[in-house]
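Asks: Let me see the structure of the following:
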Amino acid sequence: MIGNVWEWTSGVADGDRRVIKGGSYLCAANYCARYRPAARQFQELGLGTDHIGVRLVDNRRAPPG
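Replies: Below is the predicted model:
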C-alpha cells in the first residue's frame, strides 16, 4: 500500500500538526528514511503537497481471491 501518497491519519501530534503514515514515490532518500508501511511522521495541516492524501476503500466489493 505504500508508494502513492503519505496517508493522513486521525492521530494528532500537537496543535496544527497531524500524523501521516506510509510514504510516496516522490520522497527523497534523505527525507524519507523510514519509507515503510509502518512509518509515521508529523505534518502541519497548512502545508499542502502533492504526495500527501487519502486512500479510498471500496468495502462493497469482495476482497481479491
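Asks: Do you have the strands of the chain handy? List them.
Replies: Using DSSP state E, the strands of the chain run over 6-14, 17-22, 40-44, 52-53.
Asks: quick one, what contacts residue 46?
Replies: Residues counted as contacts of residue 46 (CB atoms under 8 Å, 6 or more residues apart in numbering) are residue 16. C-beta here means a position set from N, CA and C on the backbone, and glycine is covered the same way.
Asks: quick one: it from residue 14, how far?
Replies: From residue 46 across to residue 14, the span is 14 Å (CB to CB, to the nearest Å).
Asks: Repeat that for residue 65.
Replies: Note on residue 65: its distance to residue 14, by CB to CB, is 44 Å.
Asks: One more: residue 61?
Replies: Residue 61 is 38 Å from residue 14, where distance means CB to CB.
Asks: before we move on, what about residue 49?
Replies: The gap separating residue 49 from residue 14 is 20 Å, by CB to CB.
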